[in-house]
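J.: Give me the fold of what follows.
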Amino acid sequence: MRLLSALALLVTALPAFAAEKMNVLFVVSDDLTNNALGCYGSPCKSPYIDRLAAKGVRFDRAYCQFPLCNPSRASFLTGLRPDNTGVLENATHFRKKTPDTQSLPQTFQKAGYYVARVGKLYHYGVPLGIGTDGLDDPPSWQHKVNPIGIDRTQLDKVFSLVPDQFGGVVSWWAAPGDDGEHTDAKGADETIKLLEANKDKPFFLACGFYRPHTPYVAPKKYFNRYPIESIKLSEVPKDHRQSAPAPAFGSSRKEQDAMTDYMRREAIQAYYGSTTFMDAQLGKLLDALEKLKLADKTIVVFFSDHGYHLGEHGLWQKMSLFENSARVPLVIYDPRAKGNGKASGRTVELVDLHATLAELCGLSAPKTDGTSLKTLLDDPAAKWDEPAYTQVTRGGGKKKGDPVMGRSVRTERYRYTEWDGGKRGAQLYDYQTDPKELKNLAEDAKYADVVKEMKGLLKR
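T.: As a prediction, this is how the structure comes out:
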């Protein structure tokens with residue numbers, strides 16, 4: 001009788017245990033390059049991101065689908081490629097073309113999760129849109145917070161290469177005072193409040209940091225960690241722009257080309273300082289998970305919406321199809337994953353995140369354009385033959401306002417890019433022999449078979 005009672009209690013307890021849901025803390029940094037993170041080999045200090053990478057799985061070949069905020073964010077928050085969202089610039093909302101799309105946050109809402117965002121998840125114009133809803137998607141969230149700090153309210157203190165312009169222009173300010181006055185610090189604090197208030201129920205909390213997006217603003221103490229004389233500039237061959245089709249360099253700006261070496265070092269110092277400041281805010285979130293005893297039941301995802309140039313190829317910011325712009329940092333920590341503590345060299349995409357998090361949490365999700373990365377979280381070196389696709393637009397189409405499309409495919413060894421279907425040129429880089437993408441092999445007869453294979457992947 002006692003044995004039967006014990007078995008009955010066990011059977012009663014099993015469903016409750018099996019039904020326990022993993023939480024998700026989804027953290028996005030704005031305009032962050034791998035080349036500014038210690039765990040990816042940078043001299044820039046990022047101790048908390050490094051700590052997360054040491055615990056979870058660091059993806060060394062992760063790529064955005066469009067190196068611009070709105071197209072990228074619409075893509076990874078739906079799981080659809082830019083051609084399918086219809087978002088190819090910073091003005092269009094994805095529901096204009098796909099009004100019935102189920103976003104990643106909606107997938108969690110339908111499963112009974114508490115879903116909220118703090119800061120920039122969908123697109124905002126930075127810095128002027130800080131403190132507003134921007135191009136937010138109200139159906140995605142049950143709650144929202146729009147923090148605002150001195151990096152928005154005191155723009156008159158910011159130095160810009162083009163006076164009174166900030167968002168798309170290299171600009172910076174080493175601010176006096178402490179972290180707490182800045183938008184990202186306020187955002188971290190608001191996220192912690194939501195963690196505290198919802199720690200006893202399943203949650204999907206998204207925190208969008210604004211740094212290191214221009215203007216590069218952070219407390220001066222973070223700038224001081226990077227003495228100007230210690231900053232190394234990227235070396236660019238004098239004739240480099242003749243090595244590839246003109247659209248490859250279409251993201252260049254005349255004011256950036258005119259920067260002196262000292263100004264370039266100042267800009268990198270400011271970018272590094274802003275990154276280390278942002279990293280400190282992530283650290284607050286990770287510490288809160290530990291304090292609230294949530295670390296063992298919370299999946300943490302950290303990444304950037306796209307990469308960023310800091311002078312490589314003579315370019316700054318984003319909107320190129322070179323590695324610096326298309327590649328993104330991506331770390332996923334699932335406490336249950338067998339591959340934790342390792343790095344994966346497999347080629348993955350941000351469009352994979354919807355399918356990945358749905359599978360990790362056992363949720364039903366709509367069909368997306370991505371592939372779940374669960375296999376790689378358990379075995380980072382598992383067999384994997386998925387390439388990564390990134391696209392970008394240029395002006396100059398046949399009709400007024402009609403963009404020229406650049407499309408790129410990345411495998412573990414090669415990147416192949418076509419501009420306007422190849423009509424305006426192509427690029428092929430072999431990262432085994434040319435990691436800095438200085439030699440375009442698209443017309444090299446020795447690589448004809450590789451070009452043919454990559455063309456096939458691009459059309460696929």
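J.: Quick check: Gly79 vs Asp334, distance?
T.: Going from Gly79 to Asp334 by Cβ to Cβ, to the nearest Å gives 18 Å. Placement of C-beta: from N, CA and C, glycine included.
J.: before we move on, what about Tyr447?
T.: 39 Å.
J.: between those two, who's got more neighbours?
T.: Asp334 (23 against 17; other Cβ atoms under 10 Å).
J.: Excluding chain neighbours, what is closest to that one?
T.: Ile299 (4.8 Å; Cβ to Cβ, 6 or more residues apart in numbering).
J.: Not counting the helix or strand harbouring the one you found itself, show me its contacts.
T.: Counting by DSSP states H and E, the element that carries Ile299 is strand 298-304. Residues outside strand 298-304 that contact it (Cβ atoms under 8 Å, 6 or more residues apart in numbering): 22-33, 49, 52, 56, 62, 64, 282, 286, 289, 328-335, 350, 353, 357, 360-361.
J.: neighbouring strands for it, and are they parallel or not?
T.: Strand 298-304 has the following sheet partners, assigned by DSSP bridges: strand 23-29 (parallel), strand 327-333 (antiparallel).
J.: For that strand, what is the distance to the chain centroid?
T.: Its chain's average C-alpha position is 10 Å from that of strand 298-304, according to Cα atoms, centre = their mean, to the nearest Å.
J.: mean confidence score for it?
T.: Averaged over strand 298-304, pLDDT sits at 99.
J.: partners of whichever helix or strand comes after that strand, with directions?
T.: For strand 298-304, the following helix or strand on the C-terminal side (DSSP H and E) is strand 309-310. Next to strand 309-310 in the sheet, as set by DSSP bridges, lie strand 316-317 (antiparallel).
J.: measure the closest residue to Leu32 other than its chain neighbours to Ser372 for me?
T.: Nearest non-adjacent residue to Leu32, counting by Cβ to Cβ, 6+ apart: Ser304, 3.6 Å away. Distance, Ser304 to Ser372, using Cβ to Cβ: 21 Å.
J.: before we move on, the earlier item: would you mind measuring from the residue nearest to Leu32 to Phe223?
T.: 21 Å.
J.: More neighbours: these two, which one.
T.: Ser304 (27 against 23).
J.: Ala62: helix or strand, and which one exactly?
T.: Counting by DSSP H and E, Ala62 is found in strand 57-63.
J.: could you check the angle strand 298-304 makes with that strand?
T.: If you take axes from the mean of the first three to the mean of the last three Cα atoms, to 10 degrees, strand 57-63 sits at 40 degrees to strand 298-304.
J.: tell me which strands and helices strand 57-63 is in contact with?
T.: In this structure, strand 57-63 packs against strand 327-333, strand 342-349, helix 374-378, strand 388-394, with contacts taken as 3 or more Cβ pairs under 8 Å, 6 or more residues apart in numbering; DSSP states H and E.
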